[in-house]
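S.K.: pasting a predicted model and its sequence here:
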Amino acid sequence: MAAAFIRALQGNHPKYWKAASLMKHLLANSNEETRAFSSSNFDDRLLREYYALPFQMGVEEGGSKAYMAAYNKVNEIPMMVNPLLQELTIKEWGQNGIIVHGWRSLKAVNLAS
């Protein structure tokens, strides 16, 4: 569903978008109350088969060129500075676009310390 929404939003022109899609919050942003300083800890299989899959489909099938990093930590590393951002999106999915951080991300990194 994410891929279809992204394609419809951006249009099918090879050079110009109708609008740019920005997927958020990558990755494991499933806790609203303590997301600025909590850590979502899980193994690689759960990461790839559950948390990352909708984002992967958005990039590979939908053509999304932008995403926002989550405020939380994943396996004790804040997503704003987590190597997973580059490992998944650029190296594995081939995304060549924009990484956006929320306005509170730097504060979240400070709180997470």
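M.R.: Arrived safely.
S.K.: what segments of the chain are strands?
M.R.: 23-26, 39-40, 66-69, 73-74, 77-78, 98-101 (DSSP state E).
S.K.: figure out which of the ones you listed is closest to F55.
M.R.: Closest of these to F55 is strand 23-26, at 5.3 Å (criterion: C-beta to C-beta). To be clear about C-beta, it is placed using only N, CA and C from the backbone, and glycine gets the same treatment.
S.K.: quick check: mean pLDDT across the closest one?
M.R.: Strand 23-26 carries an average pLDDT of 91.
S.K.: against M79, how distant is the most centrally placed residue in the chain?
M.R.: For the chain, the residue nearest the mean C-alpha position is L26 (2.5 Å; C-alpha atoms, centre = their mean). For L26, the distance to M79 equals 7 Å [C-beta to C-beta, to the nearest Å].
S.K.: how many neighbours does A36 have?
M.R.: 20 (other C-beta atoms under 10 Å).
S.K.: winner for burial among the strands of the chain?
M.R.: strand 73-74 (a mean of 22; mean count of other C-beta atoms under 10 Å).
S.K.: that one - contacts with which helices or strands?
M.R.: Secondary-structure packing of strand 73-74 (3 or more C-beta pairs under 8 Å, 6 or more residues apart in numbering; DSSP states H and E): strand 39-40.
S.K.: ok, and what's touching the strand it packs on?
M.R.: L27, A28, S30, N31, Y51, N72, K73, V74, N75, E76, A112 (C-beta atoms under 8 Å, 6 or more residues apart in numbering).
S.K.: and those residues, which of them are buried?
M.R.: L27, A28, Y51, N72, K73, V74, A112 (16 or more other C-beta atoms under 10 Å).
S.K.: measure the fifth one to G11 for me?
M.R.: The one in question is K73. Applying C-beta to C-beta to K73 and G11 gives a distance of 36 Å.
S.K.: where does pLDDT dip in the protein?
M.R.: Scanning the chain with the threshold set as pLDDT under 70 gives 108-113.
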